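# Could you look at this predicted model? Sequence included:
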Protein chains: 2
Amino acid sequence: MLEYAIIKKLSAIVGKGNLFTDVVDNICYSYDAMNQKFIPDAIVFPSSAQEISEIIKLANSKKFPVIPRGAGTGFTGGSLAVSGGVVISLTKMNRILEIDQNNFTAEVEPGVITYDFQKAIEKLGLFYPPDPSSAKMCTLGGNVAECAGGPRGVKYGVTKDYVIGLEAVLPTGEIIHTGTKTIKGVVGYDLTKLIVGSEGTLAVVTKIRLRLLPKPAAKQTMLAFFQSVNDAAESVPAIIRKKVIPSALEFLDKSAIDCIRDKINETHIKIPKHTNAILIIEVDGKKLSDEVKSISETLHEQNVIKIFVAKNEEEQEGIWNVRRALSPVISSIAPKKINEDIAVPRDKIPETMRMIEDISDEYDLRIVTFGHAGDGNLHVNLMIDDSDEDESKRAEEGLRKLFKHVIALGGTLSGEHGVGIAKAPYIGLELSNVMVELMKNIKKTFDPNNILNPNKIFYSRSKNG
Amino acid sequence: MLEYAIIKKLSAIVGKGNLFTDVVDNICYSYDAMNQKFIPDAIVFPSSAQEISEIIKLANSKKFPVIPRGAGTGFTGGSLAVSGGVVISLTKMNRILEIDQNNFTAEVEPGVITYDFQKAIEKLGLFYPPDPSSAKMCTLGGNVAECAGGPRGVKYGVTKDYVIGLEAVLPTGEIIHTGTKTIKGVVGYDLTKLIVGSEGTLAVVTKIRLRLLPKPAAKQTMLAFFQSVNDAAESVPAIIRKKVIPSALEFLDKSAIDCIRDKINETHIKIPKHTNAILIIEVDGKKLSDEVKSISETLHEQNVIKIFVAKNEEEQEGIWNVRRALSPVISSIAPKKINEDIAVPRDKIPETMRMIEDISDEYDLRIVTFGHAGDGNLHVNLMIDDSDEDESKRAEEGLRKLFKHVIALGGTLSGEHGVGIAKAPYIGLELSNVMVELMKNIKKTFDPNNILNPNKIFYSRSKNG
């Protein structure tokens, strides 16, 4: 609980209407898509970097935590008030400040909804590739905090690759401006890319400068149906080995297909019998017939049952709507979904899929796997009943086994969801002690009083063994 | 001077044949392309991260500086032993360790020559875009240290955009492995991109994992001749406004053209009378006729005198050989070349060119300007006689005025050459005190004894005003 003097000061900074302290309100800001609850002591809705600076200075003098938060769609608890404190909601700082058509850059506030921004620039013939599945709800600020990815990573990279500058408030209250308006810039250390993906632990981002691309001239979207999971998985490196880089290359296993069978049936696309895996493949650029031909040949070599090529934009959108529905639909089929986010080198996908099947058998776990196969990023969902203690234990053991395999294959625990609290117990599997200490010291350099989003990433209860 | 015990230990670590302590040898490692001399006390040629770790631990216990060095082609003194100490030459660690054609990645040691690497992967149909003018001499490790750029930045970005993982020795001697083999990866802070461009002050890089692209199907190279510098400068944003992003878009002013007139005449390309500016434009991809047409139209709108389109690969290479000759040729026309490396948003190039002309007039300075106009990165070369005190003073005043203008236009002091010692006096013009302090603290976090490449970037003698 915050003392009254603090609440009064917060109110003076942001205005009475922009401060919630009632527990009924606070509960609304107590969870993200990971579905654990930590009720904060207050929520503020600042409207400027200056206000955030004042809040943070207050937090330093009174030593209470502040936790920046976008739309709360994260999967790893990065925006949760695990130690109480004041949530700084950035949702009211939601203006697109500039779209510069000469320099292909834009400047936005962190609360802009990702999809709204995509649409605003597409009208001008421009293109912002990062496209998390939650695009219609999540914010660009949240994307920056977690370094969000999405299906287009395989060709276009992730959020970090498009952030060229930031305005941010340090955990000590100073406002800094990092990066440049130019693509090149090497004066001093790259604080921009250090802050992107730091999950709101190094700074509160208050403005974001993004690099944009011209909108690709054309797009083709294909669905490929396989009887064998292995054939589908082998197709991924096989397509790219022929020097074709799709703009998206998504994988769905049998369980994932079952989850969205109804959604697919709503479109006029028919799923062939004996389908156990689907690839969604998109290419963009101009004159794409060569790419479609090369991909089709590869898929036939991998025993594809059927290939569906979308004939128009509506059919393309239909496919992606089905894909986007997957994550919410899955959540409804079991009391708890443990949503993992591993990434492996793409030629290790076949082996990883076999591993997941083995773990599913060995530990008797229902696992739904789908994801951005083109960049090796698989979302592995363990569907469990968390009131079943034995199942929960098996899930944890299975997960640990999976992670160890993934790292042995040259992969990572998290491709795009971040560590937050969900993966904090496991980072010792991937990062050496020296690395963790160095990162903790960087955190300390930024945040000597540990008031900004504390107890995330590095802080956990000894599951590292 | 190093005490004998240190020399003996160094010799034990790297072997007698891999240690130079004679001043005659040391002089060879005392300068870079900036042409200031700082003679180190010794040079070592380690062959592994383990050896470097031992050298650095020795440096910490005996408190002498160590300075990592590639080929010494840098422009800002980043690899110079400004406070004496031991130069760690990485040139003997020059193996290409892996080229992974499934995952489009490569792993190299830092001493690999950039051009050799480009050729090795091009044979396999792969492509590594960063292409500094010194590619035939410089090393990938040096490119990583300075975050090298080159002509292709406009479309493909810079070195940082291709480095996905590092093995590096910390200034405290520990060996770390950063990043992933995957494109996505968000576990912990991004130390990879923090180390890239840190000019050898945060770690000694011992292995580099690079992301590769498929080699573009085709390439077209054009030369455009202008009477008016302004028309040439206005062409840059005009071309890109039409959503065509060239793979290179290079600018040469009259003085630059004069410097390489002989070289151009060696080719069969004729420079039209009254030419005061040239653009070199390259597009890559497939079926490029649309791009060439769009660019040609734009250039005609900007009063181009003549457009030359290379008809084959040989002519393309000819053009780039002329361009690459520029930097060395310029060095020969005056006793001292102050080589600047500003970058501005590309629509500010016309204004920047006018500014440079004004400064040239006002301070009576000979200035040669050329560079990567597509990303706004201009190399502004002040040709001075440094024995002429008055001219040296005018040059410094002119430079300071230029820098202030560039920053006011949203630009940066250095697009790709780094700070080193050359630009250290000026970073206060671009970075706030808070930023500089934060960066110094990051340096201190990595390097508590300040033994790794000390007195670079942040350390200067009060020219910041």
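Everything's here; your move.
# A:Trp320: neighbour count?
Other residues near A:Trp320 come to 18 when the count uses other C-beta atoms under 10 Å in any protein chain shown. Where C-beta positions appear, they are placed from N, C-alpha and C, glycine not excepted.
# Surely A:Pro68 is in a strand?
Yes. Secondary structure assignment (DSSP: H, G, I helix; E, B strand; the rest coil) places A:Pro68 inside a strand.
# Hmm, A:Leu90 and it touching each other?
Yes. A:Pro68 is within contact range of A:Leu90, at 6.3 Å (criterion: C-beta atoms under 8 Å).
# Look at A:Leu202 and tell me its secondary structure.
Put simply, A:Leu202 is coil when judged by three-state DSSP.
# What score does the residue of the stretch 351-465 of chain A found nearest chain B have for pLDDT?
Among all residues of the stretch 351-465 of chain A, A:Gly415 sits closest to chain B, at 3.5 Å; criterion: C-beta to the nearest C-beta. A:Gly415 is assigned a predicted lDDT (pLDDT) of 93.
# how about it, what does it touch?
For A:Gly415, the set of contacting residues under the criterion of C-beta atoms under 8 Å, 6 or more residues apart in numbering or on different chains consists of A:149, A:153, A:341-343, A:372, A:375-377, B:182, B:184-186.
# More neighbours: A:Pro68 and A:Leu90, which one.
Comparing A:Pro68 with A:Leu90 by neighbour count (other C-beta under 10 Å), the higher total belongs to A:Leu90, at 29 against 25.
# hang on, the earlier thing: list residues touching both of A:Pro68 and A:Leu90?
Residues within reach of A:Pro68 and of A:Leu90 at once, by C-beta under 8 Å, 6+ apart, are A:141, A:204-205.
# Tell me which helix or strand the closest residue to A:Ser331 other than its chain neighbours sits in.
Distances taken as C-beta to C-beta, 6 or more residues apart in numbering or on different chains put A:Lys337 closest to A:Ser331, at 5.2 Å, once the chain neighbours are dropped. A:Lys337 is part of strand A:336-339, with elements assigned from DSSP states H and E.
# Does that strand pack against any helices or strands, and if so which?
Counting contacts by 3 or more C-beta pairs under 8 Å, 6 or more residues apart in numbering or on different chains; DSSP states H and E, strand A:336-339 is packed against helix A:313-331, strand A:377-384.
# Least confident of these, on average?
helix A:313-331 (a mean of 87).
# which of the residues in it are buried?
For helix A:313-331, the buried set under the neighbour-count rule, 16 or more other C-beta atoms under 10 Å in any protein chain shown, comprises A:315-316, A:318-320, A:322-327, A:329-331.
# residue ranges with poor pLDDT in chain A?
For chain A, the stretches flagged by pLDDT under 70 are A:460-465.
# mind running it again at 50?
Judged against pLDDT under 50, the low-scoring parts of chain A cover residues A:462-465.
# All the strands of the stretch 101-250 of chain A, residue numbers only.
Along the stretch 101-250 of chain A, the stretches classed as strands by DSSP state E, counting those that start in this stretch are A:105-108, A:126-127, A:163-169, A:175-179, A:204-211, A:213-214, A:218-226, A:248-253.
# repeat for the stretch 301-450 of chain A
Assignment of strands within the stretch 301-450 of chain A using DSSP E, counting those that start in this stretch yields the ranges A:304-309, A:336-339, A:342-343, A:366-372, A:377-384.
# Tell me which of these sits most buried.
Neighbour counts averaged per stretch over these are highest for strand A:342-343, at a mean of 30; criterion: mean count of other C-beta atoms under 10 Å in any protein chain shown.
# Please identify the most buried of the strands of the stretch 101-250 of chain A.
strand A:248-253 (a mean of 27).
# What is the burial count for A:Gly428?
Using other C-beta under 10 Å as the criterion, the residues surrounding A:Gly428 number 17.
# thinking it is in contact with A:Val434, fair?
No. In terms of C-beta under 8 Å, A:Gly428 does not count as a neighbour of A:Val434; the distance is 11.8 Å.
# Check the gap between A:Val186 and chain B for me.
To chain B, A:Val186 is 5 Å away according to C-beta to the nearest C-beta, to the nearest Å.
# same check, this time on A:Ile239
Taken as C-beta to the nearest C-beta, the spacing of A:Ile239 relative to chain B amounts to 11 Å.
# give me the number of residues near that residue?
A:Ile239 sits with 28 neighbouring residues when counted by other C-beta under 10 Å.
# residues contacting the nearest residue to it once chain neighbours are set aside?
What sits nearest to A:Ile239 in space, not counting adjacent residues and going by C-beta to C-beta, 6+ apart, is A:Thr298, at 5.0 Å. A:Thr298 makes contacts with A:235, A:238-239, A:242, as judged by C-beta under 8 Å, 6+ apart.
# excluding its backbone neighbours, what's nearest the residue of the stretch 251-400 of chain A found nearest chain B?
Per C-beta to the nearest C-beta, the residue of the stretch 251-400 of chain A with the smallest distance to chain B is A:Asp347, at 3.6 Å. On the basis of C-beta to C-beta, 6+ apart, the spatially nearest residue to A:Asp347 that is not a chain neighbour turns out to be B:Asn102, at 3.6 Å.
# give me every residue that touches the one you found.
B:Asn102 touches A:237, A:240-241, A:345-347, counting by C-beta under 8 Å, 6+ apart.
# so what's the backbone phi/psi at the most far-flung residue of chain A relative to its centre?
Using C-alpha atoms, centre = their mean, the residue of chain A lying farthest from its centre is A:Ala5. It sits 37.3 Å away. For A:Ala5, the backbone dihedrals are phi -60, psi -40 (criterion: degrees, to the nearest 10).
# Distance-wise, check it relative to A:Thr192.
Counting by C-beta to C-beta, to the nearest Å, the gap between A:Ala5 and A:Thr192 amounts to 36 Å.
# give me the beta-bridge partners of the residue nearest to A:Met435 when sequence neighbours are not counted?
Nearest residue to A:Met435 in three dimensions, chain neighbours excluded: B:Ile176, at 5.5 Å (C-beta to C-beta, 6+ apart). Using DSSP bridges, the bridge partners assigned to B:Ile176 are B:Ala168.
# how much space between the nearest residue to A:Gly125 once chain neighbours are set aside and B:Lys243?
Closest residue to A:Gly125 in three dimensions, ignoring its sequence neighbours and counting by C-beta to C-beta, 6+ apart: A:Lys215, at 5.1 Å. As judged by C-beta to C-beta, A:Lys215 and B:Lys243 stand 7 Å apart.
# Same drill for the two, tell me which one is more crowded.
For A:Lys215 versus B:Lys243, the count of surrounding residues by other C-beta under 10 Å is larger for B:Lys243: 19 against 16.
# Grab the nearest non-local neighbour of that one.
Sequence neighbours aside, A:Pro214 is the residue nearest to B:Lys243 in space, at 3.7 Å (criterion: C-beta to C-beta, 6+ apart).
# right, and that neighbour touches B:Arg241 too?
No. A:Pro214 is beyond contact range of B:Arg241, at 9.9 Å (criterion: C-beta under 8 Å).
# quick revisit: so what sits against both of A:Lys215 and B:Lys243?
Here A:Lys215 and B:Lys243 have A:Gly125 as joint contacts, going by C-beta under 8 Å, 6+ apart.
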